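In: mind looking at a prediction? Sequence and model below.
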Amino acid sequence: MTFSTELIAEIAWPLALLVAWLAGEMAFRWLNLPRIAVYAMTGFALAPTQLGFLPAGTSGPALLLANIAFGLILFEAGYRINLRWLRANPWIAVTSVVEAGLSFAVVYIVASVAGLASTAALLLAALAMATSPATILRVVNEQRSAGQVTERLLHLSVLNCVLSVLAFKIVVGLAVFHTSGSLLHAVRGSAFVLAASAMAGAVAGIALSALLRHLEPAQRDNTLAFAITVITIVALTHVLQLSPVVAALTFGLATRHRRSFFGRSQRGFGALGDILAVLLFVFVAATLDWRHVVAGLGTGLAVIGVRQLAKIASVGAFSYVSGISLRKGLLVGLGTAPVSAFVVLMLEQTRHLGVHLVDDLAPLAALALLLEILGPVIVRRTLVAAREVARAPEA
């Protein structure tokens, strides 16, 4: 390897982030496209299996930073969840359970008909239950949207993620520890992972809230404290093979509901959050191989279709009893399309078990790429149709 080749390899990721950021800004201003959709297109184009600009392999600092970026977004999503609202309107939680369960069922049927093995079909169905808070929250912050559709999208995405993590852990537990052959054993193991992850997030939230109350009153910006704590939680849960998703969400919930309003924090974690968001969506798309995308395109499109119909129908069916119009219910169902960031990072976290699910599930690669690009556009159009975008994007 020559000196120039080594130099390019060392700075490949910073250059890729620069290119993605520039492309995202131009597309946002000139084409009115969500930035993160362009970040994803750039990451896919520069991937090792496409143009080959980024180095091969997903382990190392890029994966850790992507998980931290996802953790920061999940913390903010959890922080925006109002448990009192969920208690006052339990139909929102019921909607999530029905929507996620129906999505699991229809995707499993399609995957089985397409010829996937039982375990692969179950994994695909479990992941299809989720809605990615990362995409929804970034679009919401970018468009400065607020309203019933916005809040329900955020709440459903968090609830769906927890349900998807539980189902995914059960299926992976059965796949990896097949010698036990016990569904009850897998359920108990998954329940322990969720409980321990939630406990880690809750303890961190309570402890940090108590600490911040005793800091100098002039300390009004808690962004740094939140960011450092999220980074620590993500690293700890990764080492302990727990769920960073559940831990970060619970940390956000505990921080919101256990502390008084004694300070502020920057929405999206300011410049740090913006940089890591670029890396997250570039990384997610860069893990995908065009050969897997092409091979799984037919089944992937079918999965996307039945999954979206299931989510729209479920949310629409419970719209009136949960307090919104049918039109808004259908828009919420449509806006639950994004899933890619959640899916890819969940799969990457299984590699330490020797399970290379990204390589084994070609339809998932097609689903991830299509919804990585189209998901932000769908969410934006949903918020515009709901008239919840505060102002037009800057020219």
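Out: Now that the structure is in, tell me what you want to look at.

In: the strand or helix carrying Gly43: what's the following helix or strand?
Out: According to DSSP states H and E, Gly43 maps onto helix 35-46. Next along the chain after helix 35-46, taking DSSP H and E as the criterion, comes helix 61-79.

In: in the stretch 101-250 of the chain, which spans are helices?
Out: Residue ranges of the helices in the stretch 101-250 of the chain, as given by DSSP state H, counting those that start in this stretch, are 118-128, 133-143, 148-176, 183-213, 223-239, 244-258.

In: among the ones you listed, which comes closest to Ala37?
Out: helix 133-143 (8.9 Å; CB to CB). C-betas here are computed from N, CA, C, even on glycine.

In: any buried residues in the closest one, and which?
Out: Neighbour counts over helix 133-143 (16 or more other CB atoms under 10 Å) mark Pro133, Ala134, Thr135, Ile136, Leu137, Arg138, Val139, Val140, Asn141, Glu142, Gln143 as buried.

In: and the contacts of it?
Out: For helix 133-143, contacts defined as CB atoms under 8 Å, 6 or more residues apart in numbering pick out 28, 34-36, 70, 73-74, 76-77, 80, 145, 150, 153-154, 157-158, 161, 267-268, 277, 280-281, 335, 338, 340-342, 375-376, 379-380, 383-384, 389-390, 393.

In: the same query, at a cut-off of 7 Å, please.
Out: The contact list for helix 133-143 (CB atoms under 7 Å, 6 or more residues apart in numbering) reads 34-36, 70, 73-74, 76-77, 150, 153-154, 157-158, 161, 267-268, 277, 280, 338, 341-342, 375-376, 379-380, 383, 389.

In: what ranges of this protein fall below the confidence cut-off?
Out: Along the chain, segments meeting pLDDT under 70 span 1-9, 57-60, 175-190, 216-220, 258-266, 348-360, 391-395.

In: ok, 80 please
Out: Where the chain drops to pLDDT under 80, the residues are 1-10, 56-63, 172-191, 193, 213-222, 241, 257-268, 340-342, 344-362, 390-395.

In: grab the nearest non-local neighbour of Ala120.
Out: Excluding the flanking residues, the one nearest Ala120 by CB to CB, 6 or more residues apart in numbering is Leu361, at 5.8 Å.

In: state the distance from Arg35 to Ala20.
Out: For Arg35, the distance to Ala20 equals 9 Å [CB to CB, to the nearest Å].

In: same question, Leu215
Out: 37 Å.

In: okay, those two: which has more neighbours?
Out: Between Leu215 and Ala20, counted using other CB atoms under 10 Å, the more crowded position is Ala20 (26 against 13).

In: dump the residue contacts of Leu334.
Out: Counting by CB under 7 Å, 6+ apart, the residues that Leu334 touches are Ile312, Ile378, Thr382.

In: please read the previous query as pertaining to Ala130.
Out: Applying CB under 7 Å, 6+ apart, the residues near Ala130 are Asn160, Cys161, Ser164, Val339, Phe342, Val343.

In: any idea which helix or strand carries the last one?
Out: Using DSSP H and E, the element containing Val343 is helix 340-348.

In: quick one: that helix to chain centroid distance?
Out: The chain centroid and the centroid of helix 340-348 are separated by 7 Å, computed with CA atoms, centre = their mean, to the nearest Å.

In: neighbouring contacts of that helix?
Out: 58, 63, 66-67, 70, 127, 130, 132, 134-135, 161, 168, 280-281, 284, 287, 357-358, 364, 368, 371-372, 375.

In: do stretch 70-81 as well
Out: By CB under 7 Å, 6+ apart, stretch 70-81 touches 133-134, 137, 154-155, 157-158, 226-227, 230, 233-234, 244-245, 248-253, 255-256, 268-269, 273, 276, 280, 341, 345.

In: can I get the buried part of these as one ChimeraX selection?
Out: Per 16+ other CB under 10 Å, the buried members of the contacts of stretch 70-81 correspond to this ChimeraX selection:
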select :133,134,137,154,155,157,158,226,227,230,233,234,244,245,248,249,250,251,252,253,255,256,268,269,273,276,280,341,345
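
In: Ala365 reaches Leu297, doesn't it?
Out: No. If you go by CB atoms under 7 Å, Ala365 and Leu297 don't touch, sitting 9.1 Å apart.

In: those two: who's more crowded?
Out: More crowded of Ala365 and Leu297, by other CB under 10 Å: Ala365, with 26 against 17.

In: the closest residue to that one other than its chain neighbours: helix or strand, and which one exactly?
Out: Leaving aside its chain neighbours, Ala365 sits nearest to His292 (3.7 Å; criterion: CB to CB, 6+ apart). Using DSSP H and E, His292 sits in helix 290-295.

In: list the contacts for Gly300?
Out: Contacts for Gly300 (CB under 7 Å, 6+ apart) come out as Pro363, Ala366, Leu367, Leu370.

In: neighbours of the residue lying closest to it once chain neighbours are set aside, how many?
Out: Closest residue to Gly300 apart from its sequence neighbours, by CB to CB, 6+ apart: Ala366 at 2.9 Å. For Ala366, the neighbour count with other CB under 10 Å is 24.

In: could we number from 335 for the rest of this?
Out: Okay, residue one is now 335; in that scheme the one you just asked about reads as Ala700.

In: distance of Ala700 from Arg641?
Out: 13 Å.

In: kindly report the same for Leu508.
Out: As judged by CB to CB, Leu508 and Arg641 stand 22 Å apart.

In: more neighbours: these two, which one.
Out: The neighbour comparison of Leu508 against Arg641 (other CB under 10 Å) goes to Arg641, with 25 against 21.

In: any idea which element the more buried one lies in?
Out: Going by DSSP H and E, Arg641 is in helix 631-651.

In: likewise Ile426?
Out: helix 425-447.

In: so that helix versus helix 482-510, what angle?
Out: Angle, helix 425-447 to helix 482-510, by axes from the mean of the first three to the mean of the last three CA atoms, to 10 degrees: 50 degrees.
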